[in-house]
Structure formats: C-alpha cells, structure tokens
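Participant: 3D model of this:
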Amino acid sequence: LAATYRHRVGCGKAGMATSALGLLASAYDDDDDTQATTAPTATTSTAISVNLAPSVLEERAAGSALTLFKEDKRTGNQVMHANAEYNEMWAPQQGPTLAPAEQRQAGIKSKNKFVGHVAKFAPANDFAFEEQYHTFNAFGFAENPSVGSSSGQDEMRGPQLAPTPGVVGDVDKWAEARGNSVFSLKQPLESKLEEQRKRMRLDENLAPLPVEAPELTAEQQAAIAAKNKAETRKHQGREDKEEANPMEERAVFHGGSRTDYQGRSWTKPPSAIKEEEHECFIPKRWLHTWSGHTKGVAAIRWFPGNGHLLLSAGMDTKVKIWDVFNTRKCMQTYMGHAAAVRDIQFSNDGRRFLTCSYDRYLKLWDTETGECISAFTNRKLPYCVAFNPDEDKQNVFLAGCSNKHVVQYDTNTGKVEQIYDQHLGAVNTITFCEENRRFASTADDKKMLIWEYGIPVPIKHIADPTQHSMPAVTKTPNHKWLLCTNLDNQITTYSAQDRFKLNRKKIFKGHIVAGYACKPGISPDGNYVMSGDCDGRLWFWDWKSCKVFRKIKCHDQVCIQAIWHPVEQSRVATCSWDGTIKYWDWAAPVPAPSRPRPGPVPAQSLPRPCPVPALSTYVARGGRLGAHAVTSPVSSTGAPWRPRSAASPSRGPQTGRPALRHARGARGARGARGA
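Facilitator: Sure, this is the predicted structure:
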C-alpha cells in the first residue's frame, strides 16, 4: 500500500509540472509558430490561459488610440488589444469636458467608457484650494489645476518656458510675485498699490490730485438738494413721499343760538348742577339714544366738570357734541379729518379738545366756535392723545404713535419737544399718575412702561411671559389704581403709585374682549367696575368681591366704551360700533298711593304729606318728573310708608334690593286678596 501511494503522488507531481510548463510555453508562442496541442486531456479541462504579453499593433494611423478598446461579445467587457505608448498615456487630456449630467442636458449620449469625460481637478487638501482661490481673487493668477506642480516651472523659468503652462490668469502678476501666493507674500504688489493709488486719485506722493468741480446750474443744485432731503427723510424712518395737505376744517352748529338771553355761551354748564360726592347705583333702564354717526363710534368723553355735554368720535370722520340735560340733540359737528377718528381728549376747562385720526393728523379744536386752532403730524398713525393735566401745562400734550414712539408736542410753538422711544410696538394708551409727575404707557409689545415726565428713559419696565397686550387703560377716581383691559378676556389692576405692582386680588373676568380695545369704566364712588364686550353687553363687577353684579344687553355690535356720569349717581353712557350712543339710568320705581278701604279711617292712619329726598334730588338734577309733593301711603300698622332715599349714604344697592322685592311682594299679595 505504501508503495502504491508513493507511485500515485509522484505521478500527480509530474502531471502538475507538465501542465505548468505547457501553460508557460503556450504564452510565449509566436503568431507564425504552430501551436502545440499535445497537452493531456485532464489538464486542458482545468487550465486557465493568461496572455502575459499581448501583441502590439506595429502600424496604426495617428489618432486611432480610441480603437484600442473593443467589446468582448462573449463576456460584454471592454478589452484592450494593445498597450498604449508612453507619450500617449502622458499626453494632455483631450475629449469632452462635460460631466455625465451635463452631457445628458446637452443631448450627448453617455458612453460607458473610461474616456467619456475629463474629471475635474480636486486639490490635495482644503488649504491648497483656499490658497489658490484667494490668490486668484487678490492678484489675478493661480496655479493650473490640470498640471499642478508637475509643470516644471520655477522662479527662473517662467510659464512661457515651461513644458506645460502652470499658471492660470495674469502671468505678469505671477512673475512680479515670483510664484508666491497670498499667504506667503509679506507685502502687497507694487502694481496693486499703483492701481489703488489711481483709483483713489492720488499722485506719486500719495497726495490728492486737484479736482476742478464743474459749475452747477440752479436746476442741478435744486435736484441735488432734493435728493439729499429724500435720503435724510429715509434715514429718519419717514415715508419718502410728499406730505399731503390737511383736509379743510369746518364746523356746523345745529342749535338755535350760540348764546342765551343773558349772553352766556351754549357750552357754559348750568349753575344748579355741580359735581359732588355721592353714592352710585347700577343702571338698568334705557333712557335715550343719540344717533347721528353713519358709522361706528370709537370714543366718547364727558364735558369736564358736570358732564352737561357729551363729545363723540365717529368712524365717519366726524366729531359731534351732544346735549345731555335739556334737548338731548346734537349741538355741533366738527369736520376736518379724511379718515376715521381714533381718540379725543378735552382740556381741563373744556374750551378746547384734541382729535387724532387715521389720516395721520392730530388737530386742536375750539369747542365753542368749532375752529381748528392747529394741526400736527409726524406722518405716523396716532393711536391715543392726552393733555398734561397740570394747569400750567395745558399747552402740552402727548401722542402715542404707530412707530413705537410717544411724541410730546407744544401747541404754542407747534414743535415736538420730546420723544419717548423705548417701546417695541405701537403705543395704545397714555395715562398720567402720581400728581402728573409720571405717566404710564402700554403698547402692542405686551409691556407697560413708566416714565418721568420730560425724561425719555423709563423708570419702570413691567413685562411678564403670561402678560397680554393692554389696549385700554382707565385710572380710578381716587388715583390709586389702573384698570387695564387685557386681550385674554380679563381686566387687571395695577397700582398707580410707587411700585406700580400688579394686584392679583383685583382681577375681573367673565366677558369676552379678545381682539377689541373695550375701555373699562368705574363709578365715581369706586364701588363698581364696568366694561363692554364683543356681543354688545355691558358688564358690572363689584370692586370688593370682584364678582359679576349685572349684565345688560346694550347694543347689537361690540360695546367699545362705557363712562359713568360724573354728577348723576346712576347714569351711564355707552357707545358701540353700530353707530349709536345710549344713555342708561337706575330708575328706582315710584310707588303709587293705595286706594282707601271703605269704612271709618282712624286719625293716625290718615295720609300725611311727606317730602321725598330722592325725588327732590332727581328733579334738581334735571329729571323729567315735575316738582310736586308726594303723599306717603299708610301701612297696615298705621305708620306712614317712606320710600328709601337714593342718596342715602347708609344704604347701598345690595341692601336696597331685598326691601324692594319685599314691597313688590306685598303689593302682589294685596292684589290677590282683593281679587
């Protein structure tokens, strides 16, 4: 067995040697020699033929290098049938320079060959690319990315003498830089300095060259002045257009005469009506409607003092003043704005008032004559106006504008005295506080800023992430609190003194005012807070408990403002976007005397005349009832019935309501027994 194994191994080795020799001999056979086919059968079935030295085409036409590649029909691969020469392999790149994507866009059919396009040069690293990029931008030359550093050029042999041009761009600049780049040069090129000197119009000593200015005509000088003015206006943020002339102002008086038989003006208040402290009651009865505006009413103001006149700003560009106590008609109409009137404000004595409109003008009017005294504008939308309440500063007023500024004007000079510009949105309200030494402003940036009057730097900045914009603010009669309408459907209270801190215990909720600048109001005695809402309702809250006290449906559209009368303890005026102004009263019921029963009546139960303080006060303050004595009915116990006085300080509206319901119930019971 061992001998047999050694014999087989020897035969296998001999066969392998014979196969290898045959393979090597077949590779070195010439085309003219005869091919030997004496290989064993077992060896030819597993042998791989490798042509280590393929034949080279001796004679071929110039430019036929592309024919070296042919497709093998059996395998489908590209086969090179000849070796390329050294000069051909290192020759400059030729052929289309388009990438495959660009060839498809150009309509050239892409071929799956190595010679389809020339690849773009990619630098060795990012620094090399940045160096050549900045060098070309600075001096106008860079290394040729196709050849790189293999061009064979140096400082002594320029690009013209090199076998292959190695510079792209200005060759003279390259020679001046001696092949350095923007990173290796220690000083700028002389040619660059020369170009810079010529561009700056300097001589060889770097002194400015004399320039002869041509003489300008009058038209050219006017054109240059107009251009400079336009650039200045643009730099100041003003609109680059001509200021339009204000609309012609005029007033129409609707009364019979401007003076009475004693020569007193129609704006003079009645002598019998004076402002005094009194207890207020929540109104519930509609008394009168003033309808004269063709569009919505934006704001209303009482005449300072006793409120015998009512001023209204309409979206129909008109301002009207109404009588309150007598005829309740429109007394005068002021026309002078080209757009809706946004806000109005009386002076302390009521002889003048301010209006601001969407036509970008603020105008000062004479209340009695209707004359427009002056007009102011800074070409921005004024959203609110406020006179300085000090008696010696009635010639100064503030205006909050859409350009985030609070502008202070002087009516005597007509100029801007100060600009407060720390807000980030359009200014909505301006409220004076702390004996008029300071004022608070709110804007669309959801902030409240406290300013010292005359100093354009805020002393207090009130802002909170949960705070909403406050488009309407009202100060309480005791000058201690600021009621602010928030756009999150609530009225917040801030202190109007010292720290201006939020009072979290005085928040009034329940109504919907999101998106509307419904101005809140408060009664003269400070017991009730009121505000309109988007549904035309009027809401009343109790100041102490912050609970809803009453709701009244007043208008068909949003009730934008409600103001309490300064003299009448239970009368309120409301205005709406439906174009109407309504007057409301508490209207306590007056009991009628009961019918005497048949039979003898005791002497102590006979009706006796009794004066009623509430009715006498009502008549003295312009009520409609006549001045006559009222007899008091007799109760079942024999004591005379006395109506509750409306001006009694010991009883409030909450204590009087159960008694009123009890009286109504008693009358109902007597009627049932009679039936």
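
Participant: contacts and neighbour counts: CA atoms only from here.
Facilitator: Noted.

Participant: Poorly predicted segments of the stretch 101-250 of the chain, please.
Facilitator: Counting by pLDDT under 70, the stretch 101-250 of the chain has low-confidence residues at 103, 106-124, 146-165, 186-187, 238-246.

Participant: switch the cut-off to 90
Facilitator: Under the criterion pLDDT under 90, the flagged ranges of the stretch 101-250 of the chain are 101-222, 225-248.

Participant: residue boundaries of the strands in it?
Facilitator: Taking DSSP state E, counting those that start in this stretch, the strands of the stretch 101-250 of the chain run over residues 141-143, 167-169, 250-253.

Participant: next one: the stretch 451-600 of the chain
Facilitator: Under DSSP E, counting those that start in this stretch, the stretch 451-600 of the chain gives strands at 458-462, 472-475, 481-486, 490-495, 502-509, 521-522, 528-532, 537-542, 548-553, 559-564, 572-576, 580-585.

Participant: what pairs with the longest one, and is each one parallel or antiparallel?
Facilitator: The strands that strand 502-509 pairs with in its sheet are strand 490-495 (antiparallel) (by DSSP bridges).

Participant: Tell me which helix or strand Leu342 sits in.
Facilitator: No, residue 342 isn't Leu; it's Arg. Per DSSP states H and E: Arg342 is located in strand 341-346.

Participant: That strand packs against which elements?
Facilitator: The contact analysis (3 or more Cα pairs under 8 Å, 6 or more residues apart in numbering; DSSP states H and E) places strand 341-346 against strand 297-302, strand 309-314, strand 352-357, strand 382-387.

Participant: Repeat the analysis, applying 10 Å as the threshold.
Facilitator: Under the contact definition 3 or more Cα pairs under 10 Å, 6 or more residues apart in numbering; DSSP states H and E, strand 341-346 sits against strand 297-302, strand 309-314, strand 318-323, strand 352-357, strand 362-366, strand 382-387.

Participant: follow-up on the earlier one: among the strands of the stretch 451-600 of the chain, which comes closest to Arg258?
Facilitator: Arg258 lies closest to strand 580-585 among the strands of the stretch 451-600 of the chain, at 24.1 Å (Cα to Cα).

Participant: Note down every partner strand of that closest one and its orientation.
Facilitator: Sheet pairing of strand 580-585 (DSSP bridges) gives strand 285-291 (antiparallel), strand 572-576 (antiparallel).

Participant: okay, the ones you listed in TSV with mean neighbour count and mean pLDDT next?
Facilitator: Converted to TSV, these look like this (neighbours: other Cα atoms under 10 Å; pLDDT from 0 to 100):
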stretch	mean neighbour count	mean pLDDT
strand 285-291	15	93
strand 572-576	26	96
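
Participant: need those strands in CSV with distance to Asp444, can you?
Facilitator: Shown next, in CSV, are these (distance: least, Cα to Cα, whole Å):
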stretch, distance to Asp444
strand 285-291, 32
strand 572-576, 23
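
Participant: ok, Tyr494 touching Thr485?
Facilitator: No. Contact criterion Cα atoms under 10 Å: Tyr494 and Thr485 do not qualify, at 11.2 Å.

Participant: ok, residues contacting the strand holding Arg342?
Facilitator: Identification of contacts with strand 341-346 by Cα atoms under 10 Å, 6 or more residues apart in numbering yields 297-304, 311-319, 352-365, 367, 381-387, 397.

Participant: What does Thr431 show for phi and psi?
Facilitator: Torsion angles at Thr431 (phi, psi; degrees, to the nearest 10) stand at phi -130, psi 120.

Participant: Next one: it, what pLDDT does it get?
Facilitator: With respect to pLDDT, Thr431 scores 96.

Participant: Mean neighbour count added to the strands of the stretch 101-250 of the chain, as CSV?
Facilitator: Shown next, in CSV, are these (neighbours: other Cα atoms under 10 Å):
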stretch, mean neighbour count
strand 141-143, 23
strand 167-169, 17
strand 250-253, 15
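
Participant: Output the below-cut-off pLDDT ranges for the stretch 401-550 of the chain.
Facilitator: Within the stretch 401-550 of the chain, the segments meeting pLDDT under 90 span 414, 465-466, 497-499.

Participant: Give the buried residues for stretch 541-549.
Facilitator: Neighbour-count burial for stretch 541-549 flags Trp541, Asp542, Trp543, Cys546, Val548, Phe549 (criterion: 16 or more other Cα atoms under 10 Å).

Participant: C-alpha coordinates for it, PDB please?
Facilitator: Extracted C-alpha coordinates of stretch 541-549, given in PDB (Å, rounded to 0.1, in the frame of the first residue of the first chain):
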ATOM      1  CA  TRP A 541     -68.500  93.900  38.800                       C
ATOM      2  CA  ASP A 542     -68.300  94.600  42.500                       C
ATOM      3  CA  TRP A 543     -65.000  96.200  43.300                       C
ATOM      4  CA  LYS A 544     -64.600  94.500  46.700                       C
ATOM      5  CA  SER A 545     -65.600  90.900  45.700                       C
ATOM      6  CA  CYS A 546     -64.600  91.100  42.000                       C
ATOM      7  CA  LYS A 547     -67.900  89.200  41.200                       C
ATOM      8  CA  VAL A 548     -70.200  89.900  38.300                       C
ATOM      9  CA  PHE A 549     -73.100  92.100  39.600                       C
END
